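Colleague: sequence first, predicted model second:
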Amino acid sequence: MGCGASTASPPPSVKDNATKPDSASTAAASGEAGEKDLTELFKQFDTSGDGFLQIGELRRAFRAIGLEKRKGEKFELDEKTFSSFDTNGDGKVSLAEFNANLHPKTRKKIVEKLDGGWKFDEKLWAASQERHAKWDMSKVFMQFDVDGDGKLTINELGRAFRALGLKKRDGEKLDMDQKMFSSFDTNGDGFCSPEELEKNLFEKTRKKIEDKLDGGWKFDKEKWAASAARHARWDMSKVFKQFDADADGNLDLREFQRAFRALGLKKRDGSKLAVDVDMFKSFDKNGDGVLSLDEIEKGLTEKTRKKIEVALDGGWTFDAEAWAASVERHKNDPPYDPTKLDEMLAPSMSEAAAAEAAEAPPAE
């Protein structure tokens, strides 16, 4: 998987540090008395010979060894696990940190692999290193940075994945959801920086992107500009703000349900697209039982956004009178309780409101 750094001869100062660890490193490498010394294993994956492993090196090292979870799934090193090793927070893991913080169960699995005959494959590691060096994913994705602020929002990253034409195993398009975006946005600031993108791109996803790039995919600046312009034309937070009946800056489940009905959104089979609790929760990222306008803007999938845009481009306008009538019909609904969402759906509404749910959307 790499560039054969395990056999390269680093500069004297580096070599001394890498091959002659201090007493603390040596003790940590051995763990408890009688445990296998993992110093040589660590050094094999240290492609730069500087005595440290970056998150990418450590992640690919675990993959190369073939570590698995209890259920047989491949073990993937994430930012949280890496931080458990990087105890001084310098963004890299020393030999001492690696051994001091290696969980006993993980150490045991590694030792079992070694005892079972696992060997470091220098050629495979070299190939992996070369492949990762060929395409700088941060540069690839920063082409999609519409506003030039050096980071990507969930919408920008989602559209970037679609532009690349990435697909799931079953052939369906790979859509960016909040959970997936959060796996990139490790500092939780709502953006994905070039560093976060490079560090947190799964190997399988990286491979799919590399296949696209190797196959001749090119960034289409004009097409992307058109996409950006289309998303800028309609501010979904403003569209849904019109349905904020009590003007508290949020939409509760009932308001959100009726907003979708008013917009007349439909599924592929032509039936009405109704909001259920699971859909509502996919927007409600902070779990407070109501949706902020920002949560709505960020949570809309591309398909749903496109349906709304088609309705807006087709002349749909908010009908204040029809909405006021809807609000009036719902005034006797039970008080909204964000902790009991299942009881807040149409079946628990007033008789008149429940009847409305079965009727056609209000005339716009």
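Modeller: Arrived safely.
Colleague: every contact and neighbour count from this point should use C-alpha atoms.
Modeller: Noted.
Colleague: any idea how far the helix or strand that contains Val310 is from the chain center?
Modeller: Assigned by DSSP states H and E, Val310 belongs to helix 302-313. Relative to its parent chain, helix 302-313 has a centroid offset of 23 Å by C-alpha atoms, centre = their mean, to the nearest Å.
Colleague: using CSV, list the CA coordinates for that helix.
Modeller: C-alpha atoms of helix 302-313 as CSV (Å, rounded to 0.1, in the frame of the first residue of the first chain):
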residue,chain,number,x,y,z
GLU,A,302,-31.4,17.6,-3.8
LYS,A,303,-34.4,15.7,-5.2
THR,A,304,-36.8,17.4,-2.9
ARG,A,305,-35.2,20.8,-3.4
LYS,A,306,-35.6,20.3,-7.2
LYS,A,307,-39.3,19.5,-6.8
ILE,A,308,-39.8,22.7,-4.9
GLU,A,309,-37.8,24.7,-7.4
VAL,A,310,-39.9,23.3,-10.2
ALA,A,311,-43.1,24.4,-8.3
LEU,A,312,-41.6,27.9,-7.8
ASP,A,313,-40.4,28.2,-11.4
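Colleague: would you map out the domains in the protein?
Modeller: Per the record, the chain has its domains at 12-134, 137-224, 236-358, by automatic domain parsing.
Colleague: specify the stretch among those that is closest to Arg230.
Modeller: With C-alpha to C-alpha, the closest approach to Arg230 among the domains of the chain belongs to domain 236-358: 8.7 Å.
Colleague: for the closest one, what is the average pLDDT?
Modeller: Taken as a whole, domain 236-358 has an average pLDDT of 81.
Colleague: quick one: distance of that domain to the chain centre.
Modeller: Distance, stretch centre to chain centre, for domain 236-358: 26 Å (C-alpha atoms, centre = their mean).
Colleague: same check on stretch 108-123?
Modeller: Here the centre of stretch 108-123 is set off from its chain's centre by 31 Å, with C-alpha atoms, centre = their mean.
Colleague: how about stretch 98-115?
Modeller: Its chain's C-alpha centre and that of stretch 98-115 lie 28 Å apart, by C-alpha atoms, centre = their mean.
Colleague: name the residues of it that come out as buried.
Modeller: Neighbour counts using 16 or more other C-alpha atoms under 10 Å place Phe98, Asn99, Ala100, Leu102, Arg107, Lys109, Ile110, Val111, Leu114 of stretch 98-115 among the buried residues.
Colleague: state the distance from the third one to Met176.
Modeller: Counting by C-alpha to C-alpha, to the nearest Å, the separation of Ala100 from Met176 is 36 Å.
Colleague: before we move on, the earlier item: what's the first helix or strand after the helix holding Val310?
Modeller: Following helix 302-313 toward the C-terminus (DSSP H and E): helix 320-329.
Colleague: quick one: the strands in the chain, in order.
Modeller: Taking DSSP state E, the strands of the chain run over residues 52-53, 93-94, 250-252, 290-292.
Colleague: and the third one, what does it pack onto?
Modeller: Same thing as strand 250-252. strand 290-292 (3 or more C-alpha pairs under 8 Å, 6 or more residues apart in numbering; DSSP states H and E).
Colleague: please list the residues outside the strand it packs on that contact it.
Modeller: Gly249, Asn250, Leu251, Asp252, Leu253, Phe283, Asp284, Pro338 (C-alpha atoms under 8 Å, 6 or more residues apart in numbering).
Colleague: repeat that for 6 Å
Modeller: Asn250, Leu251, Asp252, Asp284 (C-alpha atoms under 6 Å, 6 or more residues apart in numbering).
Colleague: next, format the residues you listed as CSV and append neighbour count.
Modeller: Below are those laid out as CSV (neighbours: other C-alpha atoms under 10 Å):
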residue, neighbour count
Asn250, 22
Leu251, 23
Asp252, 23
Asp284, 19
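Colleague: sorry, back to before: reformat the domains of the chain as TSV; add distance to Arg230.
Modeller: Shown next, in TSV, are those (distance: least, C-alpha to C-alpha, whole Å):
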stretch	distance to Arg230
domain 12-134	33
domain 137-224	10
domain 236-358	9
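Colleague: still on that earlier bit, which of the contacts of strand 290-292 sits closest to Glu309?
Modeller: The nearest one, if we look at the contacts of strand 290-292 relative to Glu309 and count by C-alpha to C-alpha, is Leu251, at 19.8 Å.
Colleague: quick one on the thing from earlier: Gly165 is nearest to which of the strands of the chain?
Modeller: When those are compared by C-alpha to C-alpha, strand 290-292 sits nearest Gly165, at 30.4 Å.
Colleague: tell me the strands beside the closest one, with direction?
Modeller: Paired neighbours of strand 290-292 in the sheet (DSSP bridges): strand 250-252 (antiparallel).
Colleague: which residues touch the strand it pairs with?
Modeller: Asp244, Val290, Leu291, Ser292.
Colleague: cool, and stretch 277-289?
Modeller: Contact with stretch 277-289 is made by Leu291, Glu295, Gly299, Pro338, as judged by C-alpha under 6 Å, 6+ apart.
Colleague: quick check: bridge partners of the first one?
Modeller: To tie it back to what came earlier, the one meant is Leu291. Per DSSP bridges, the residues bridged to Leu291 are Leu251.
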